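Colleague: Show me the folded form of this:
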Amino acid sequence: MEYSQGDTSGDGRSDFAWTKCSEMNVHERLSIKEQSLNIGLRHCETLMNTIRHLTRHREKYMKEIWPAEGQTQWDTQCRKIIDDHRKFEVSVGVAGATGSGKTSLLNALLGYRELLPTNNEEAATAVQCKVSFNHDERPEYAFRCRVTFQSRETLEARLQQFFDDISTRDELRILDSGSIEDDEALHEIEGKLLPSREMIRIVFNLEDNEAENLGLDGVLSANPAALKLLGTVKTFNSSDAKEISLAMKPYMDSTMGNHDSSNGRFAAWPLIEEVELFMKSEILQNGVVLVDLPGLDDHIQSRVSVTKRASDQLAATLIVAPATRAADNSTAVSLMSKHQETGLMLDGKFHKKAFCICLSQIDQIEREAALRKPDAKADTYLQKLLAEEQAEKHALGETRKLKRKHRREFRKAKRRGERFNIKDWEYLDPLSYQTAREVARDQRDLQVKLTGLSKDISNSRRRLRELNSEITFLCIRARNQFIEGRIRRDFARRQAALVARTSNLQKTYDGEVMICPTSSTAFWECKDTVRRTAGFPTECYTGIPNLASWIRNATMQKREEHVDDLLSRLQAQYNTLLLIWPDEKHQLKNTLITGDSFQKDILQDALESMRPKLEALFSSLTKDVKRKDPLKGKKGKILSTCPGMCTTTVKGWAYKDPYDNTSPKMHWTTYQGCLRRSGGRYATRAARDPRHYHWMEDISNLMLTTILKDWNYLLNHDMPSLADDAGQEIDGICREFIAKLRRSIEKVEPRLLPELDSQRHSIETIKTNATRRVQQALGEISQRARLAHPRVVSNIQSRWEEPFQKALEITGLGSYKERQKHVLNFAQSNNKDMFRTAFNDLQGQLQTSVVELGYELKSISESTLGDLRRHLSVFHHRVLEPAEPAINSAAVAKRMRFMRRRVNNELEEWTTEWQSPVSIVTMIGGDIIDQIPDKYQHVTIKPEKKRREDGLEASDLEVDSDMSSESDDLDF
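Modeller: Residues are numbered from 1 along each chain as shown. Okay, the predicted model is just below:
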């Protein structure tokens, strides 16, 4: 028997930059992997096109090299990898109250000053805006926008709520007792009506009385063009940021626009459900998506629903709170409701890696008020700067006085010199000549003095600017530290509810929260070479780079999981090509084994011995997951404790502050508003004491807080860790598979063993993909759980809708008390059954997740066996000589070598780029946290100076505007 020269061109490789970076820190490691992924995707797409072209034009030769079925499978898998990458998103929600500056913050993060509109207090927070990376490389599509309009049902529900509130207002007017409470309630209702009135006026061009008289159908028919937009999607694109910003404005603020073929112009933002913007920005690379959520104090129920849906998909949450308000409020964390806070805890995201509070507008500070604080007076360094500032101001004043004196002397000398003409000096008598020389000398001396004094003034003004900037910086830093201290103390208290059952989570749940002070205004002014905001000498002091770093860090885990998955899948595709397209197809000759016998007698036997082992492993894994049930043993506790707490909670609904025993009674109109919304979110608009009510969330929290600790620990930490043990088991099963395969081959054709050994890296890749899919399947249970617990609210709310409606039907004298009694009676009679139903539904959701896990694990088993079968079938096709070669002519062989070279050239480039060291590139602000410096460092800014034709600076000889009068204005 003859054996042709061995070849290793089909070896799967593992010596790539991205496979050797595991010991690097996470920032460097992820940078290398993400660049390697882009390299792989680019070459993969090129090879897809090349192979498709060869198949179309050289089909009969391609069949000899690669059977059509194998080509199709490879191409489909490549396309799936590319699509999965483009669809990958890791969302960061940016939420905050109206006027918090979150849209300005987004613009700064994106790198465009006026991209998203910020000039409309109501509309700018009315529309959810989602900003994603744009994969379209066409210049005219550099910026793409997709606008989704609300459905007609959503608009009708909002208008119906408006008319219900009108009815409540009219009822209050009739029953008005003249009390302060009734007067406040009337103002409260008018405030609630305001957003809908504004929408009706803007969209339907109807004033208050007109809308009230027309009713629901009449209002809808007032603008047919607006109705045509409902339920539709608009798209537009541009190559210019300013153009796309102008195109978006009519959908995000009060800008009027013509939205259809008619000539009717109106602002469409009240009808928008979501605006999606696609653009290229460093902060958005690698799947990062910024979601500009409607304000937390939003009063529009439809937008609240949008916020809830978006929140379920967020990898991290950023709460924006103005520093001026945060200093007055008890805490910025209070911007969340108790239920939102519980939701973050249940999702395992209530910690510094996934939750951040951004203190915005830190440049807005009253310096003098800050300096009057006790801490400022006790700061010796700050007091030293203030003393230096006062001394510098005094010195500047004295210098200005002296300059004005010399300025007057210079004018006198100049007037004296005007009597002499330098050209006629030779004709002057000696005395006049001497006088002329003295006058000229005096002018020169005064010019030198004025120049020196101007420089002294310039230096003093510069030093005063530096002192003012450093003093302002210290005031801002002190306020930031004060706010941060309060927030951290409050956050630690709240996070204590998540005290981990094991010490390995203490690093995550350490009571710390990420706080990023920022100033968008100062950020943009730092890009100006002349003007800077006091206290912000460089961009890093503005906090924007720090915030960008946190966003990159917060998304890092999801990004690395994604890139690891795709790189592993890409390597499998790469290995297949190495096997299919060697430079020369060396084959074993005169073998005792055929392709059919290899498939049926050797490979099939090894695969069938592997199947029950995988099934046993995955069956055991499913049982382990079932045992880690966060609801185990909780039903009895919930049914014994929650009903009583529910009764207490329902009694609290009758008060302004349900959790304060000293709180005054709630006005009946507010109570009625909560009833009309079926216990959903209801926000009052009272200027003095705005409040948020969410009855159904309050009741849901009674149950959710009972399961909180175990839910978070088991679903978000313990259950995903099962993947480690499963990976080791899969590794052992694969080793046994290879050992059995080797034993079978050794009995029949030992010469095949070196070729089989050359495929160890390719088989390792298939095993890695299986392990990664198991990890993803376990992670999916956590993901589905994040969608399950919000159902508790809707489940409980469905039980309350009927009693709330019956309560609203109670009218007349004493109806308020009767409504409260009716609601309380329902709670006392049904609360146990209500919690039982909600618990059973939640338990059913988790059980469904376990069933789906079983299906997914079975799919992984079949997929792994199939991948091994396909790869080793290709392997034997390459190594074993066919009994009857289909093509033998030299011309055909030459053509096939040419086809192989076309593919191999691209494969070699792919290999080289994956093997070469990849430069570590960080995104905007860097992936490593770039915090605001603790100490102030001056930055010298040189403004352009005006010069005269004679070379002297204008400031040396011209009278300064502040010197034209005798005042001592010391502004700087």
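Colleague: contacts, neighbours, all on C-alpha from now
Modeller: Will do.
Colleague: could you pull out the helices for the stretch 601-750 of the chain?
Modeller: Using DSSP state H, counting those that start in this stretch, the helices of the stretch 601-750 of the chain run over residues 604-627, 635-652, 668-676, 695-713, 722-748.
Colleague: What is the longest one packed up against?
Modeller: Looking back up the chat, that one is helix 722-748. With contacts taken as 3 or more CA pairs under 8 Å, 6 or more residues apart in numbering; DSSP states H and E, helix 722-748 sits against helix 604-627, helix 753-757, helix 760-788.
Colleague: who wins for proximity to residue 181 among those helices?
Modeller: Smallest distance to residue 181 across the helices and strands packed on helix 722-748 (CA to CA): 41.0 Å, for helix 760-788.
Colleague: and the helix or strand following that closest one, which residues are buried?
Modeller: Next helix or strand after helix 760-788 toward the C-terminus (DSSP states H and E): helix 791-808. Of the residues in helix 791-808, those scored as buried under the neighbour-count criterion (16 or more other CA atoms under 10 Å) are 791-797, 799-801, 803-804, 807-808.
Colleague: got the angle between the helix or strand just after helix 791-808 and helix 791-808?
Modeller: Helices and strands here follow DSSP H and E; after helix 791-808, the next one along the chain is helix 815-879. Counting by axes from the mean of the first three to the mean of the last three CA atoms, to 10 degrees, helix 815-879 points 160 degrees away from the direction of helix 791-808.
Colleague: Relative to residue 659, which of the buried residues of helix 791-808 is nearest.
Modeller: Ranked by distance to residue 659 (CA to CA), these are led by residue 793 at 19.8 Å.
Colleague: Next one: the closest one relative to residue 752, how far apart?
Modeller: Spatial separation of residue 793 from residue 752 under the definition CA to CA, to the nearest Å is 63 Å.
Colleague: Check which helices and strands the host helix or strand of residue 901 is in contact with.
Modeller: Secondary-structure element containing residue 901, defined by DSSP H and E: helix 890-915. For helix 890-915, the elements it packs on are helix 26-57, judged by 3+ CA pairs under 8 Å, 6+ apart.
Colleague: Could you pull out the buried residues of the helix it packs on?
Modeller: By neighbour count, and taking 16+ other CA under 10 Å as the criterion, the buried residues in helix 26-57 are 26-37, 39-41, 43-44, 47-48, 51, 54-55.
Colleague: Likewise for stretch 553-568?
Modeller: Within stretch 553-568, judged by 16+ other CA under 10 Å, the buried ones are 553-560, 562-568.
Colleague: Just those: which are in helices?
Modeller: Among those, the members found in helices (DSSP state H) are 553-554, 556-560, 562-568.
Colleague: contacts for stretch 226-237?
Modeller: 140-152, 203-204, 220, 244, 247, 268, 271 (CA atoms under 8 Å, 6 or more residues apart in numbering).
Colleague: Mind doing that once more with 7 Å?
Modeller: 140-141, 143-152, 244 (CA atoms under 7 Å, 6 or more residues apart in numbering).
Colleague: Max pairwise distance over those: which two?
Modeller: By the measure CA to CA, the contacts of stretch 226-237 have their two most distant members at 140 and 152, which lie 33.1 Å apart.
Colleague: of those two, who's got more company?
Modeller: residue 152 (16 against 12; other CA atoms under 10 Å).
Colleague: which residue sits closest to the more buried one, ignoring its sequence neighbours?
Modeller: The shortest distance from residue 152 to any residue other than its chain neighbours is 5.6 Å, reached at residue 230 (CA to CA, 6 or more residues apart in numbering).
Colleague: how far away is that neighbour from residue 273?
Modeller: In this structure, residue 230 and residue 273 are 10 Å apart, going by CA to CA.
Colleague: How about residue 84?
Modeller: Relative to residue 273, residue 84 is positioned 26 Å away (CA to CA).
Colleague: More neighbours: those two, which one.
Modeller: Ranked by neighbour count (other CA under 10 Å), residue 84 and residue 273 place residue 273 first, with 22 against 13.
Colleague: Now do the same contact list for that one.
Modeller: 127, 128, 148, 149, 150.
Colleague: give me the beta-bridge partners of the second one?
Modeller: So that's residue 128. Under DSSP bridges, the beta-bridge partners of residue 128 are residue 274.
Colleague: ok, how many other residues are close to it?
Modeller: Neighbours of residue 128 under the rule other CA under 10 Å: 21.
Colleague: got it, and the first one?
Modeller: Residue 127 has 24 neighbours, counted by other CA under 10 Å.
Colleague: Residue 519 and residue 542 touch, don't they?
Modeller: Yes - distance between residue 519 and residue 542: 5.1 Å, which falls inside the contact criterion (CA atoms under 7 Å).
Colleague: picking that back up, tell me which of the helices and strands packed on helix 722-748 is the most buried.
Modeller: Per-residue neighbour counts averaged over each of the helices and strands packed on helix 722-748 give the maximum for helix 760-788, namely a mean of 20 (mean count of other CA atoms under 10 Å).
Colleague: Does anything pack onto that helix? Which helices or strands?
Modeller: The criterion is 3 or more CA pairs under 7 Å, 6 or more residues apart in numbering; DSSP states H and E, and the helices and strands that helix 760-788 contacts are helix 556-580, helix 722-748, helix 815-879.
Colleague: The shortest one packs against which elements?
Modeller: Where contact means 3+ CA pairs under 7 Å, 6+ apart, helix 556-580 is packed against helix 26-57, helix 760-788, helix 815-879.
Colleague: Go through the ones you listed and name the closest to residue 414.
Modeller: Closest to residue 414 of the helices and strands packed on helix 556-580, according to CA to CA: helix 26-57, at 68.4 Å.
Colleague: any idea of the mean pLDDT in that closest one?
Modeller: The predicted model gives helix 26-57 an average pLDDT of 92.
Colleague: do the same with stretch 137-156
Modeller: Here stretch 137-156 scores 93 as its mean pLDDT.
Colleague: gap between the two ends of it?
Modeller: Across its full length, stretch 137-156 reaches 41 Å end to end, with CA to CA as the criterion.
Colleague: And for stretch 174-182?
Modeller: The distance separating the two terminal residues of stretch 174-182, taken as CA to CA, comes to 11 Å.
Colleague: Enumerate residues external to that stretch that contact any of its residues.
Modeller: Stretch 174-182 is touched from outside by residue 667, with contacts defined as CA under 7 Å, 6+ apart.
Colleague: Mind listing what's buried along that stretch?
Modeller: By 16+ other CA under 10 Å, the buried positions in stretch 174-182 come out as residue 182.
Colleague: Which stretches in the stretch 401-550 of the chain count as strands?
Modeller: For the stretch 401-550 of the chain, strands defined by DSSP state E, counting those that start in this stretch occupy the ranges 514-517.
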